[in-house]
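Engineer: Provide a 3D model corresponding to the input given below.
(one chain, ligands or ions: 1)
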Amino acid sequence: MSDNILLKTEGVKVYYPVNNGLFQKPSYVKAVDGVDIEIKEGEVFGIVGESGCGKSTLGKAICKLIEPTDGQIYFDGQEIAKLSPKEMRPIRKGMQMVFQDPYASLNPRMSVHDIIAEPLKIHGLAKTKEEIDEKVIDLVRKVGLDVYHVNRYPHEFSGGQRQRIGIARALAVEPKLIIADEPVSALDVSIQSQVLNLMNQLKKEFNLTYIFVAHDLSVVEHISDRVGVMYLGNFVEVADKKELYRNPCHPYTQALLSAVPIPDPTAKKERIILEGNIPSALNPPTGCKFHTRCPKCMGICKEKVPERVEIAPGHEVYCHLYSEQK
Ligand code: SF4
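Structural biologist: From the prediction side, this is the model:
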């Protein structure tokens, strides 16, 4: 991993207006509510959290598939948050997305060859038919499919194979950053590890940087260098993977990790059960957004938003338990 920052966000927000009727101001669903992250070249940054925490929306906003409402996004040194779709076109090939449901993201009327060739043609990365065919075959091999698969259609493949096609399509434009949004959550467990191993191998071969979005902490642990835990549109804890899994500090991270099964059946682990569901992002709780479910909630938590506290180098926690100790 290099020390160069490939991606940086400052105060990124994604708010969706909700119409409250003709004479009333709209309210806003605060899907992402002011996120700051820095991701180094060659790093795998995992984003975890329950469904509805804003992790996928953040991934799409970084890729500009969703327009951020506010904030800055620096990719490879260039601010891209306010760029128009036309201005984004040359930059877009540097960042590609791999989706959860490869079937929905692959055009069922296009053969594998045409699906992978399309971005090559759009971005002018291969001109002649021979060049295109050569690149398509190379990519198909790199993702572990057979050459005779190129003339087949998405419905003829298993979920794992379809995800490999989606990865080949993303790789076709030689991106620096891949944002993988729950790329293995629709697959069987045995296939999940195959796809994760493939992504690991491709990362080294193509010198890629990944943002890996998932709700499954074991999957994120397998592939990530650093992990950010999201709750209701914000990170609550960010740390190196080993540090986070060994020493989770935020009560939400502790609860999430307490639910992950451990391989040793004799080892005891106390499960922390969180009360209630994740509150609505339309009307999030005041102060610490986690206070309605937090087993360690204090008076201050209901009033004051916790600030970032670096409790060890690179280990950041947003919780009054730690700001009180400062
Ligand atoms: Fe719990 Fe308070 Fe920390 Fe929020 S700030 S996680 S409510 S202890």
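
Engineer: can you report phi and psi for residue 211?
Structural biologist: Here is the backbone geometry of residue 211 (degrees, to the nearest 10): phi -110, psi 120.

Engineer: what is the lowest-mean-pLDDT helix or strand in the chain packed up against?
Structural biologist: One helix or strand of the chain scores below all others by mean pLDDT, DSSP states H and E: helix 102-105, with a mean of 78. For helix 102-105, the elements it packs on are helix 159-171, judged by 3 or more CB pairs under 8 Å, 6 or more residues apart in numbering; DSSP states H and E. For every residue, glycine as well, the C-beta is placed using N, CA and C.

Engineer: let me know the next secondary structure element after the helix it packs on.
Structural biologist: Note on helix 159-171: by DSSP states H and E, the next helix or strand toward the C-terminus is strand 177-181.

Engineer: got the angle for that following strand vs helix 159-171?
Structural biologist: 150 degrees (axes from the mean of the first three to the mean of the last three CA atoms, to 10 degrees).

Engineer: buried stuff in the least confident helix or strand of the chain?
Structural biologist: 102-103, 105 (16 or more other CB atoms under 10 Å).

Engineer: beyond that helix, next helix or strand please.
Structural biologist: helix 112-122.

Engineer: what comes into contact with that next one?
Structural biologist: By CB atoms under 8 Å, 6 or more residues apart in numbering, the surrounding residues in contact with helix 112-122 are 93, 106-107, 110, 125-126, 132-133, 135-136, 139-140, 145, 149-154, 165, 168-169, 172-173.

Engineer: now the host helix or strand of residue 196: average pLDDT?
Structural biologist: In this assignment (DSSP H and E), residue 196 forms part of helix 189-206. In this model, helix 189-206 has a mean pLDDT of 93.

Engineer: and residue 40, what are its bridge partners?
Structural biologist: Residue 40 forms beta bridges with residue 5, as assigned by DSSP bridges.

Engineer: can you offset everything so residue one is 466?
Structural biologist: Got it, the first residue is 466 from now on, which makes the last one we talked about residue 505.

Engineer: mind listing what the spatially most central residue of the chain touches?
Structural biologist: Geometric centre of the chain, nearest residue: residue 678, 2.9 Å, by CA atoms, centre = their mean. Applying CB under 8 Å, 6+ apart to residue 678 gives the contacts 511-512, 520-521, 523-524, 644-647.

Engineer: for the chain, what lies in contact range of the ligand?
Structural biologist: 715-716, 753, 755-756, 759, 761-763, 766, 771, 784-786 (CB under 6 Å from any ligand atom).

Engineer: which stretch of helix or strand covers residue 693?
Structural biologist: strand 691-696.

Engineer: how far off centre is that strand?
Structural biologist: 10 Å (CA atoms, centre = their mean, to the nearest Å).

Engineer: kindly report the same for stretch 529-545.
Structural biologist: The answer for stretch 529-545 is 15 Å, by CA atoms, centre = their mean.

Engineer: what are the buried residues along that stretch?
Structural biologist: 529, 531, 533-534, 536, 538-540, 545.

Engineer: next up, the contacts around the nearest residue to residue 770 once chain neighbours are set aside.
Structural biologist: Of all residues not flanking residue 770 in the chain, residue 752 sits nearest, at 6.0 Å (CB to CB, 6 or more residues apart in numbering). Applying CB under 8 Å, 6+ apart, we find residue 752 in contact with 765-771.

Engineer: swap in 10 Å and give it another go.
Structural biologist: 762-771, 785 (CB atoms under 10 Å, 6 or more residues apart in numbering).

Engineer: please apply the same query to residue 521.
Structural biologist: 496-497, 512, 514, 531, 564-565, 644, 646-647, 678-680.

Engineer: measure the closest residue to residue 656 other than its chain neighbours to residue 610 for me?
Structural biologist: Nearest residue to residue 656 in three dimensions, chain neighbours excluded: residue 625, at 3.9 Å (CB to CB, 6+ apart). Applying CB to CB, to the nearest Å, the value for residue 625 to residue 610 is 10 Å.

Engineer: name the helix or strand for the closest residue to the ligand within the stretch 516-665 of the chain, please.
Structural biologist: Residue nearest to the ligand within the stretch 516-665 of the chain (CB to the nearest ligand atom): residue 518, separated by 14.3 Å. Taking DSSP H and E as the definition, one finds residue 518 inside no helix or strand.

Engineer: mind checking how far it is from residue 509?
Structural biologist: 19 Å.

Engineer: who touches the closest residue to residue 740 other than its chain neighbours in this structure?
Structural biologist: Using CB to CB, 6+ apart and skipping residues adjacent in sequence, the residue nearest residue 740 is residue 758, 5.5 Å away. Listed by CB under 10 Å, 6+ apart, the contact set of residue 758 reads 696, 716-717, 720, 739-744, 750.

Engineer: among these, name the ones in helices.
Structural biologist: 716-717, 720 (DSSP state H).

Engineer: what about the nearest residue to residue 529 once chain neighbours are set aside, how many neighbours?
Structural biologist: With CB to CB, 6+ apart as the criterion, residue 529 has its nearest non-adjacent residue at 5.6 Å, and that residue is residue 553. Neighbour count of residue 553, defined by other CB atoms under 10 Å: 15.
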